[in-house]
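J.: dropping the sequence and predicted coords here.
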Amino acid sequence: MTQKHMLGTKVKMGSDKAEMGILEHLAELRLRLAYALAALTAASVIAYGFAGSLFLLLSAPYFQTFSNTGAQAADLIGTGPAEAFILKIQLSIFAGAILASPVIFYQVWRFISPGLYEHEKKWAVPFLGCSTVLFVGGVLFCYYAVLPIAFDFFNDQYTSIGVKPAVKISEYLSLVIRLLLAFGLVFEIPVLAYFLARFGLIDDQMLLRWVRPAIVVIFIVSAIITPPDVISQFLLAAPLILLYGFSILIAKYANPARRSSEPLEGTD
């Protein structure tokens, strides 16, 4: 492809973007949200048939930890007639979000792709792969690394005062699902950093200047999301700090490629 042809392509792209007004962007956003919601609904309906197995899976960290509370059995109790049904719906939506995550990320890609260059639009598969792997990786990290340590801490608090734990199912699952989704989403930071840098909204120097405030914000967010113990807060803050550092490298890679292409746009 010649440089002249590339220039023509980019000028055409620029004119297309200029013609897209805010109403067109909102219409596109509604369309992508509708597709994502449809995928989430379909996946949730499928997951509803496995709600019992999902409950056993998500409650396993609790029983593995609290079963060691002396001779007393650890209980998860329901406090309302419809609570089990509502919990099955919540579990189905949570599992549906994981199952439908590739489709949801693809809709995100379709929404932002008009702002990319032609050669960047071919990165749909790497984007879907990275986004899905990071999201699922965050969920698994929380399940296998964070939840056991957090419940060990809570178990020790019950043991220290000699109280038998009888935890509400709704409160337990709300906590677990919130943590799993939070870890899954925060693991998307490198992908977010790449596109923000690609669009010129951030760069590596900006991220370097904001390292100290970012660390403070990370610990504040970790304290809000995680249970009120230092260990689980640190387990969320530590990977967040590492992801922030990785995002600096990504922004350093993304911006020079963008800047090297920008002079071509004004050549005509």
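T.: Sure thing, it's come through.
J.: and the helices in this structure, which stretches?
T.: All helices of the chain, identified by DSSP state H, fall at 3-19, 22-48, 51-66, 83-99, 101-112, 124-141, 147-161, 169-186, 189-198, 204-209, 211-225, 230-265.
J.: quick one: closest of those to residue 75.
T.: Proximity to residue 75, assessed across the helices of the chain by C-beta to C-beta, is greatest for helix 51-66 (8.6 Å). Where C-beta positions appear, they are placed from N, C-alpha and C, glycine not excepted.
J.: helices and strands around that closest one, which ones?
T.: helix 83-99, helix 147-161, helix 169-186 (3 or more C-beta pairs under 8 Å, 6 or more residues apart in numbering; DSSP states H and E).
J.: which one, of those, ends up nearest to residue 201?
T.: Evaluated with C-beta to C-beta, the helices and strands packed on helix 51-66 place helix 169-186 nearest to residue 201, the distance being 18.9 Å.
J.: buried set for that closest one?
T.: By 16 or more other C-beta atoms under 10 Å, the buried positions in helix 169-186 come out as 169-170, 172-173, 175-177, 179-184, 186.
J.: turn the helices of the chain into TSV, columns for distance to residue 76 and mean pLDDT.
T.: TSV is the format used below for the helices of the chain (distance: least, C-beta to C-beta, whole Å; pLDDT from 0 to 100):
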stretch	distance to residue 76	mean pLDDT
helix 3-19	53	42
helix 22-48	20	90
helix 51-66	6	88
helix 83-99	10	92
helix 101-112	27	89
helix 124-141	21	88
helix 147-161	12	83
helix 169-186	5	88
helix 189-198	33	84
helix 204-209	43	86
helix 211-225	22	84
helix 230-265	20	73
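J.: make JSON lines out of those and add distance to residue 75.
T.: Converted to JSON lines, these look like this (distance: least, C-beta to C-beta, whole Å):
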{"stretch": "helix 3-19", "distance to residue 75": "58"}
{"stretch": "helix 22-48", "distance to residue 75": "25"}
{"stretch": "helix 51-66", "distance to residue 75": "9"}
{"stretch": "helix 83-99", "distance to residue 75": "14"}
{"stretch": "helix 101-112", "distance to residue 75": "33"}
{"stretch": "helix 124-141", "distance to residue 75": "26"}
{"stretch": "helix 147-161", "distance to residue 75": "12"}
{"stretch": "helix 169-186", "distance to residue 75": "10"}
{"stretch": "helix 189-198", "distance to residue 75": "38"}
{"stretch": "helix 204-209", "distance to residue 75": "47"}
{"stretch": "helix 211-225", "distance to residue 75": "26"}
{"stretch": "helix 230-265", "distance to residue 75": "22"}
